[in-house]
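>>> predicted model and sequence below, questions to follow.
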Amino acid sequence: MIPLAQIDTPAKSVIVTAIPVVGGFVLALHPLWADGTVFGVVASAVITILGGALVLLPWERIPRYLHAVSPIGALAVAFALEIQFGLSIVRAFPFVLLPLIFLALYYTTIEFAIGAALAVADLILVTGINPASGDPAAALLEGLLLVAFGILVRRVVTQLEANREAAVMAEAQKSVLLSDLSQRNQDLQELTRLKSEFLATMSHEIRTPLSGVIGMTGLLMETELTPEQREYVETIHTSGDALLEIINDILDFSRIEAGRVRLETVDFSPRYVVEEAVELFAEAAANKGIELVLDVAADVPEAVIGDPGRVRQVLINLIGNAVKFTEAGEIVVRAGKREARGPGVSVHFEVVDTGVGLTREEADRIFAVYSQLDSSTTRRHGGAGLGLAIARMLTELMGGEMGVDSEKGKGSRFWFTALFREAAQKVRRPQTTAPLAGLSVAIIDDNRTNRTILERYVTSWGMRGRSFDSGHEALREMRRASHGEDPFEVAIVDLMMPELDGAAVAAAVRSDEALRSLAVILLTSAGKSEKDIPGVDAEMVKPVRPSQLFDVLQTVLGERPSHGASEALARAPVMRGQGARVLVVDDNAANQKVALRMIERLGYRGDVAGTGAEATAMVGRGHYDAVLMDCQMPEMDGYEASRQIRHNERGGRRMPIIAMTADAVADERDRCLAAGMDDYITKPIKLHVVAAVLERWLTKEAV
């Protein structure tokens, strides 16, 4: 049972309850004053005043054991003063005792609602069994019931008053709290805005000189240098890239933490994103002697709607870590379709390596912010410890999840999923029924994973593939098949194999009369191309892209290459070397030189403008085929310059404007497009990126 709450009694509740309480005592003391004696009247008055005062006192300030003093004390005094009256009480004991017990228990332990129910039950019982008949005991009973009723009224009024005052106070506190929260929210929003502006400014201020350093060292590495000079320049370039990566991680994490990352929703091909990410690490893996394998399942959608940049960012982080922590063996990058739990398309990506692996404890904290498995001063690999934390955050933003399966010393398997919308227009897939269907292909590679993946590729196109782990076995089987009804039409041969390498296999094929008509495709590692190997019909750089392999097979077998899924194949710019003029707009002299040198190396003619106003004037005076526009410049920035250029060319030819920005996020992209720009590249600019974007837009201009 719950004790009564300790509350203050409002003044008006005392007045309300005083009348029934005092009246009850007057009736209860009827035997004393009924005879009209002075003693009886005085005694009844004193008892009434004392008893009423006790009942009406603030009981929460009186010890609980005294709460029953008033009604019991009044009864005891009356019993002592009037023996006859006391005998009446004894005769009415079963009925009088009930309200006394109720009053005593009510003020000690029983909660208010229970006490009220007992009072009603007692009233019904007493009035039903012993109705009023002028008996002193009946008068006492009625009086005590009135006292109980007064106490109940007092408690109810007190509780209502207290509840109302508590509600008013709570509402006032709530208003103060809401006002305080609103102010704090405004302060946090302002702090977030200032932080975002600071990050944007620092991003530009840090990347601008860093872009010049990386760009210049990149150009310097392509000049004639002594071995010692080349080593110094490569060190500078590598250090600059590492610094840029750390800066990017810090900025990305800050944006995600502040909720400022907004995903793009554009059509793209997941398989091409995976292929491009893998291709970035082909040379690094080859330099370490690691086999980098690409495995894209046939069920991967050709086109979805999502953010290709963020998918690429997560893949690059995982593949980069795999290359960094793997000293020997292989790295397999896989992509496949998974059953989505709701609407959309779910794609599963994974990177499997044979590197150092992780313990269970390391795997549990690998995705924590600022987590580095090796925090010692002698650790071999750097980094801010943000890469995997950012990757997981981005994955969750894309509606997916990320995890790792690993065993110390046996490698790791990092995986993630992403949810995309289905694209309205499907990318046309290469025709697989004819002309490759039914043809026999020999796959010769000492790496089992490569053989398995290549065999699955050719089988999906209707070809009949057989795998061999050595050149000797392959030559023996190909010679045997040439004398039968099912000869091989093409051989896919890895260059680097023990005992008999790919070059030796190709030479043996060309020297054998029975195999001379066999087409040979040579697989080489990045940076280790062998252009002068005789007997080779085509050469491909690993990891092998399925779309490129399909086109190469059609080419060497005398068929026309497809164009639906082979956009990744390199094409020379339509206007390269044909007089195309490109205007470089940048206020930084080092960045001007880097960009100008790059476009000249690509075969274009270039001019330079140092401000937005100067660029607007130069475009108005002369004919340019494209503009590389820096976004942040003094006086007139790139956004305003682009708007003015678009205003001036209304009704005429629309010249491509490519933004050069240090902040390649969705908001920045939207801002560039809103200003009239057509595309953007991220600083520090790379030669192959500039080549691709100029080729894309100048090709469109030429069509």
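That came through fine. Residues are numbered from 1 along each chain as shown.
>>> next structured bit after whichever helix or strand S175 is part of?
Using DSSP states H and E, S175 maps to helix 136-221. Counting by DSSP H and E, the next helix or strand C-terminal to helix 136-221 is helix 227-257.
>>> state the mean pLDDT of that next one.
The average pLDDT within helix 227-257 is 80.
>>> pLDDT of the helix or strand harbouring N317, averaged?
When elements are assigned from DSSP H and E, N317 belongs to helix 308-324. Mean pLDDT, helix 308-324: 91.
>>> any chance you could list what contacts it?
Here helix 308-324 makes contact (Cβ atoms under 8 Å, 6 or more residues apart in numbering) with 252, 263-264, 266, 268, 270, 273-274, 276-278, 280-281, 284-285, 288, 290, 292, 331, 333, 349, 351, 353, 355, 381, 387-388, 390-391, 394-395, 397-398, 402, 412, 414, 416, 418, 664. C-beta: built from backbone N, CA, C; applies to glycine.
>>> show me what secondary structure element comes after it.
Remark: after helix 308-324, the chain's next helix or strand is strand 330-338, criterion DSSP H and E.
>>> which strands and helices lie in contact with the next helix or strand after that following strand?
Using DSSP H and E, the helix or strand that follows strand 330-338 in sequence is strand 345-353. With contacts defined as 3 or more Cβ pairs under 8 Å, 6 or more residues apart in numbering; DSSP states H and E, strand 345-353 has these neighbours: helix 308-324, strand 330-338, strand 411-422.
>>> TSV for those, including mean neighbour count and distance to R464?
Formatted as TSV, the helices and strands packed on strand 345-353 follow (neighbours: other Cβ atoms under 10 Å; distance: least, Cβ to Cβ, whole Å):
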stretch	mean neighbour count	distance to R464
helix 308-324	21	32
strand 330-338	20	24
strand 411-422	20	32
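>>> among the ones you listed, which is nearest E455?
strand 330-338 (14.8 Å; Cβ to Cβ).
>>> give me the helices and strands touching the helix or strand encompassing E362, please.
Using DSSP H and E, E362 sits within helix 360-365. With contacts taken as 3+ Cβ pairs under 8 Å, 6+ apart, helix 360-365 sits against strand 402-407.
>>> for the strand it packs on, C-alpha coordinates in PDB please.
Provided in PDB are the C-alpha atoms of strand 402-407 (Å, rounded to 0.1, in the frame of the first residue of the first chain):
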ATOM      1  CA  MET A 402      29.200  -3.700 -43.800                       C
ATOM      2  CA  GLY A 403      31.100  -6.500 -42.100                       C
ATOM      3  CA  VAL A 404      34.300  -8.500 -42.000                       C
ATOM      4  CA  ASP A 405      35.200 -12.200 -41.700                       C
ATOM      5  CA  SER A 406      38.900 -12.800 -40.900                       C
ATOM      6  CA  GLU A 407      41.400 -15.100 -39.300                       C
END
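>>> buried stuff in that strand?
Of the residues in strand 402-407, 402, 404, 406 count as buried by neighbour count, 16 or more other Cβ atoms under 10 Å.
>>> now do the same for it: mean pLDDT, whole number.
92.
>>> packing partners for it?
The helices and strands touching strand 402-407, judged by 3+ Cβ pairs under 8 Å, 6+ apart, are helix 360-365, helix 387-397, strand 411-422.
>>> can you give me the buried ones in the first one?
Going back to what we said before, that points to helix 360-365. So for helix 360-365, counting by 16+ other Cβ under 10 Å, buried means 362-363.
>>> quick one: average pLDDT of it?
Regarding helix 360-365, the rounded mean pLDDT is 86.
>>> then stretch 41-55?
Here the average pLDDT along stretch 41-55 is 65.
>>> domain ranges for the protein?
Dividing the chain into domains by automatic domain parsing, as the record does, gives the ranges 11-174, 266-422, 440-556, 581-702.
>>> tell me the pLDDT of A34.
A34 is assigned 62 on the pLDDT scale.
>>> lowest-confidence helix or strand of this protein?
Every helix and strand in the chain was compared by mean pLDDT, DSSP states H and E; the lowest is helix 112-129, with a mean of 46.
>>> now do the SS call for D446.
Using DSSP: H, G, I helix; E, B strand; the rest coil as the criterion, the local structure at D446 reads coil.
>>> I'd say it and S470 touch.
Yes: contact criterion Cβ atoms under 8 Å: D446 and S470 qualify, at 6.7 Å.
>>> quick one: common contacting residues for these two?
Residues touching both D446 and S470 (Cβ under 8 Å, 6+ apart): 497-498.
>>> where does pLDDT dip in the stretch 51-200 of the chain?
For the stretch 51-200 of the chain, residues meeting the criterion pLDDT under 70 lie at 51-158, 196, 200.
>>> same question, the stretch 451-600 of the chain
526-532, 558-579.
>>> repeat the analysis, applying 50 as the threshold.
559-577 (pLDDT under 50).
>>> still on that earlier bit, would you reformat the helices and strands packed on strand 402-407 as TSV and include distance to G306?
Shown next, in TSV, are the helices and strands packed on strand 402-407 (distance: least, Cβ to Cβ, whole Å):
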stretch	distance to G306
helix 360-365	28
helix 387-397	11
strand 411-422	4
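>>> out of these, which gets nearest to A609?
Nearest to A609, of the helices and strands packed on strand 402-407 and by Cβ to Cβ, is helix 387-397 at 36.0 Å.
>>> in this structure E234 contacts L220, no?
No: between E234 and L220 there is no contact under Cβ under 8 Å: 9.7 Å.
>>> start to end distance for stretch 274-285?
Stretch 274-285 stretches 16 Å from its first residue to its last (Cα to Cα, to the nearest Å).
>>> now the strands: where do they sit in the stretch 501-650 of the chain?
Taking DSSP state E, counting those that start in this stretch as the criterion, the stretch 501-650 of the chain contains strands spanning 519-524, 538-541, 581-585, 605-609, 626-630.
>>> list the helices and strands the first one packs on?
Packing contacts for strand 519-524, counted by 3+ Cβ pairs under 8 Å, 6+ apart, involve strand 490-494, helix 502-511, strand 538-541, helix 546-556.
>>> could you identify which of the ones you listed is most buried?
strand 490-494 (a mean of 25; mean count of other Cβ atoms under 10 Å).
>>> show me what that strand is packed against.
Counting contacts by 3+ Cβ pairs under 8 Å, 6+ apart, strand 490-494 packs against strand 440-444, helix 471-482, helix 502-511, strand 519-524, helix 546-556.
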